[in-house]
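Colleague: structure of the sequence below:
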Amino acid sequence: MFRGVLATAAAVTVLAAVPAGADEIRGPIDLGTLPGGLTSEGLRVTNHGTVFGEAYDPAFHVHGARWDAAGRISDLRPLDGYAEVKATAVNEAGVAIGDSTNHVDTGRATRWDASGVPVELEQPTGFPGYSWSTPVAINERGVVAGTAYGAPGPDAAVRWDSSGEVTVLGLGRVRAMNDAGAVISEATYWDPAGNVVELTDGGSLHDLDNAGTVVGSIGTHAAKWDSTGRPTVLDTTWEVSTALAITDDGTVFGEVRDKAFTTRVARWDPAGTLTVLPAPDGGSIRFTAVSRSGVVLGEKDASTSLVWDRAGRPSALPLPAEGGICSAKGLNDWEVTGSCAVPGRNAHAVLWKLSEPTGSSAR
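Modeller: Residues are numbered from 1 along each chain as shown. Now for the predicted structure:
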């Protein structure tokens, strides 16, 4: 029996489908790749227009890549002694994090500032001496959270301050961090001071906002917990639901699934009212990401990505050409990034323009 607050089951809105406005979206704009390289991919785009992702060098080693607002690419190479980079995240200042690796399962947490020079983040010691680490999140103060692994024991959640000094929080794999430095793993919530917040009813955790509200699921239903660990079950009207992201106004985003295993993208307002976002032509759609102001990105199939504006109106992202295949990964309030391939050419990082921000200069 859940001991949390149950959202009103009747508070549900299903939006009717609206014709997609793909003709109003500019792009995909090809961002190119590293000199001599063949492949690249955009993973994140900040509200300042910085795109962060990965690109292959001429030796077919994948590096981190950062494109500025004018579309110029910078090579984010790995630490000395390592061959490749696994890109992870970027903050609004353009500070990027990722793994320097020689193998898919081993790496060193790395940070790149504006200079693009890789800096290794300190390895934790005495817990009991983990050999490897991977960063997961960076906040606007430059604090990084991630996971240390490689010891005989379980993985450990760690946090690096802006100077790179590391603190071990406890066991678990980090999933998200807010600007105050609060961190969550799959099942544990640490406050900014590093203390564990006991979560009533437990659950699976996915994201948290700057107010300290955590979202995820309890059993088969979406849920959120306040900063004291008190839960609210968000929906019990669908067979399965899960909360995957929360914006700073308290709006929750995730997925719902019916008995026929059709998945739809969902939004809960701060009061718990559920809106199921429209799915043009029906079928399942999976949640991908949400911008700070609530623009939503989802994937219908291997080559069809949709974006919903703040009013819930969907548009399909255009393909580059007949036979093209695209994958959208991240967005800000007016741009979406990912990668597109066309027949006869490897995938390149791309950018779709939803609109132009006030006072911006177009790429």
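
Colleague: only the buried residues of stretch 59-73, if you could.
Modeller: 62, 63, 64, 65, 66, 67, 69, 73 (16 or more other CB atoms under 10 Å). (Each C-beta comes from the backbone N, C-alpha and C, glycine too.)

Colleague: any idea how far the spatially closest residue to the last one that is not a sequence neighbour lies from residue 96?
Modeller: It refers to residue 73. Spatial nearest neighbour of residue 73, chain neighbours left out: residue 67 (5.2 Å); criterion: CB to CB, 6 or more residues apart in numbering. Note on residue 67: its distance to residue 96, by CB to CB, to the nearest Å, is 11 Å.

Colleague: okay, and the common contacts of the two?
Modeller: Common neighbours of residue 67 and residue 96, counting by CB atoms under 8 Å, 6 or more residues apart in numbering, are residue 52.

Colleague: give the helix, strand or coil label for the residue nearest to the spatial centre of the chain.
Modeller: For the chain, the residue nearest the mean C-alpha position is residue 289 (6.0 Å; CA atoms, centre = their mean). Under DSSP: H, G, I helix; E, B strand; the rest coil, the three-state class of residue 289 is strand.

Colleague: could you measure from it over to residue 337?
Modeller: Going from residue 289 to residue 337 by CB to CB gives 10 Å.

Colleague: shared neighbours, the two?
Modeller: With CB under 8 Å, 6+ apart as the test, residue 289 and residue 337 both reach 329, 330, 331.

Colleague: okay, these in CSV with distance to residue 113 next?
Modeller: Output for those, formatted as CSV (distance: CB to CB, whole Å):
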residue, distance to residue 113
329, 23
330, 20
331, 24
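
Colleague: so where's the stretch 151-300 of the chain uncertain?
Modeller: 151 (pLDDT under 70).

Colleague: again, only this time at 90
Modeller: The stretch 151-300 of the chain contains residues with pLDDT under 90 at 151-154, 164, 200-202, 235-236, 280-283.

Colleague: quickly list what residue 298 is bridged to.
Modeller: residue 287, residue 306 (DSSP bridges).

Colleague: so it is in contact with residue 287, correct?
Modeller: Yes. With contacts counted by CB atoms under 8 Å, residue 298 reaches residue 287, the gap being 5.5 Å.

Colleague: what residues do the two have in common as contacts?
Modeller: residue 265.

Colleague: and residue 47, what does it touch?
Modeller: 92, 292, 332, 333, 357.

Colleague: again, only using 10 Å
Modeller: 92, 291, 292, 293, 332, 333, 334, 335, 357 (CB atoms under 10 Å, 6 or more residues apart in numbering).

Colleague: separation between the fifth one and residue 284?
Modeller: It refers to residue 332. When residue 332 is compared with residue 284 (using CB to CB), they lie 26 Å apart.

Colleague: who has more neighbours, these two?
Modeller: residue 332 (23 against 18; other CB atoms under 10 Å).

Colleague: quick check: that one touching residue 293?
Modeller: Yes. Between residue 332 and residue 293 there is a contact under CB atoms under 10 Å: 9.0 Å.
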